[in-house]
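Engineer: what shape does this take:
(4 chains)
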Number of protein chains: 2
Amino acid sequence: MSLTFRQVRHFIATAESGRVSAAAAALNVTQSAVTSSIKALEAELGRKLFDRHSNGVTLTFDGHEFLQRARAIEASVSDATRGPHRWGTQVDGTVDVAVSYTVAGYFLPPLLTRFWRTFPGITVRLHEFQRDAIEQS
Amino acid sequence: MSLTFRQVRHFIATAESGRVSAAAAALNVTQSAVTSSIKALEAELGRKLFDRHSNGVTLTFDGHEFLQRARAIEASVSDATRGPHRWGTQVDGTVDVAVSYTVAGYFLPPLLTRFWRTFPGITVRLHEFQRDAIEQS
DNA sequence: CTCGCTTACGCGATTCGTAAATATA
DNA sequence: TATATTTACGAATCGCGTAAGCGAG
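Structural biologist: Got it, this is the predicted structure:
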């Protein structure tokens, strides 16, 4: 199988609490679910992530290393799940476009529709010229 | 349901090729699998990701935005899947530890075992002192 | 005996593929 | 008709919970 986000969550919770049982309680699942997730993770990565003791679990060296990357995954996923950013990603400005009459009438309208739907913030200014006048840019 | 990496992979492949069928071929799955992944994604996010046409699909504005985050997820996952980094994360150095004889004999050995297992690169130097000499640090 | 992790096993949900349905040029 | 997406549905797989099994203290 392939890496699953659910496995990552189970792993992080376990690593942070040091107990499979506590992680399971925090995630509202049973111990067996968490155990099998970790087992699957270790199998997929080919490395042991935890040392098991009678009073809980501790991260191995590989486990520590993977924890950092697991946190990166969790961050990117929760970022993607969160609603649209209206900061930093916003695109706006003005574009001047020179076109001949034929282009303006036939090809442009559907293109502009898609363009505006994709970049609502962009202002497009159209300028009509004769074909040869445009091409000597 | 919750976000799945498989869905993210299906989405990215579809966005990059502009065709569900091409994405499915590239991923060695059928169209229906990709279709349902995208449908599930759109349901989970509550936003439409693609506009469907007769000759393929194109990203909506929300789709473009999500694509960037999907790439971030893919990057963090492939980074986590890749073997251990031996660069940047490496920890080494030397630690000097002063202990009384009792501590050295009874409590230290198991602690050191776990410590070395976690940080193989660290050298630990032990110095035995009388108890009162240590405590006047 | 108690506490904590693991294993066994059955059920419900999810995913996938085959194949039919739909839509556009 | 040719190409592309969507839908229907049965089969295989996956994830979870219950409950029993170990191991250490």
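
Engineer: what strands flank the helix or strand hosting A:D51, and is each parallel or antiparallel?
Structural biologist: Assigned by DSSP states H and E, A:D51 belongs to strand A:50-53. If you go by DSSP bridges, strand A:50-53 pairs up with strand A:56-59 (antiparallel).

Engineer: so does the partner strand get close to DNA strand D?
Structural biologist: No: under the criterion of Cβ under 7 Å from any atom of the strand, DNA strand D is not reached by strand A:56-59; the shortest gap measures 10.6 Å. The C-beta positions use only the backbone N, C-alpha and C, and glycine is treated the same way.

Engineer: check what contacts that strand and list those residues.
Structural biologist: A:T14, A:A15, A:G18, A:R19, A:V20, A:L49, A:F50, A:D51, A:L67, B:R114, B:T118 (Cβ atoms under 8 Å, 6 or more residues apart in numbering or on different chains).

Engineer: of the residues you listed, closest to A:M1?
Structural biologist: Within the contacts of strand A:56-59, proximity to A:M1 (Cβ to Cβ) peaks at A:L49, which comes in at 16.3 Å.

Engineer: picking that back up, may I see the buried residues of the strand holding A:D51?
Structural biologist: Neighbour-count burial for strand A:50-53, counted by 16 or more other Cβ atoms under 10 Å in any protein chain shown, picks out A:F50.

Engineer: for A:Q31, give me its contacts.
Structural biologist: With contact set as Cβ under 8 Å, 6+ apart, A:Q31 has these partners: A:V20, A:S21, A:A24.

Engineer: quick one: is the strand holding A:D51 near DNA strand C?
Structural biologist: Yes: counting by Cβ under 7 Å from any atom of the strand, DNA strand C is contacted by strand A:50-53 at A:F50, A:R52.

Engineer: now that strand: average pLDDT?
Structural biologist: Strand A:50-53 carries an average pLDDT of 97.

Engineer: what sits up against that strand?
Structural biologist: Contact with strand A:50-53 is made by A:T14, A:A15, A:I38, A:V57, A:T58, A:L59, A:T60, A:G63, B:R114, B:R117, as judged by Cβ under 8 Å, 6+ apart.

Engineer: returning to what we had before: for the contacts of strand A:56-59, pick the one with the most neighbours.
Structural biologist: A:T14 (29 neighbours; other Cβ atoms under 10 Å in any protein chain shown).

Engineer: shouldn't that one be in contact with A:V20?
Structural biologist: Yes: with contact defined as Cβ atoms under 8 Å, A:T14 counts as touching A:V20 (5.6 Å).

Engineer: joint contacts of these two?
Structural biologist: In contact with both A:T14 and A:V20: A:V34, A:I38, A:V57, using Cβ under 8 Å, 6+ apart.

Engineer: and what about the second one, helix, strand or coil?
Structural biologist: The assignment at A:I38 comes out as helix when based on DSSP: H, G, I helix; E, B strand; the rest coil.

Engineer: rewinding a little: JSON lines please, covering the contacts of strand A:56-59 and showing distance to DNA strand D and secondary structure.
Structural biologist: Output for the contacts of strand A:56-59, formatted as JSON lines (distance: Cβ to the nearest atom of the strand, whole Å; DSSP: H, G, I helix; E, B strand; the rest coil):
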{"residue": "A:T14", "distance to DNA strand D": "13", "secondary structure": "helix"}
{"residue": "A:A15", "distance to DNA strand D": "17", "secondary structure": "helix"}
{"residue": "A:G18", "distance to DNA strand D": "15", "secondary structure": "coil"}
{"residue": "A:R19", "distance to DNA strand D": "13", "secondary structure": "coil"}
{"residue": "A:V20", "distance to DNA strand D": "11", "secondary structure": "helix"}
{"residue": "A:L49", "distance to DNA strand D": "16", "secondary structure": "coil"}
{"residue": "A:F50", "distance to DNA strand D": "15", "secondary structure": "strand"}
{"residue": "A:D51", "distance to DNA strand D": "12", "secondary structure": "strand"}
{"residue": "A:L67", "distance to DNA strand D": "19", "secondary structure": "helix"}
{"residue": "B:R114", "distance to DNA strand D": "13", "secondary structure": "helix"}
{"residue": "B:T118", "distance to DNA strand D": "19", "secondary structure": "helix"}
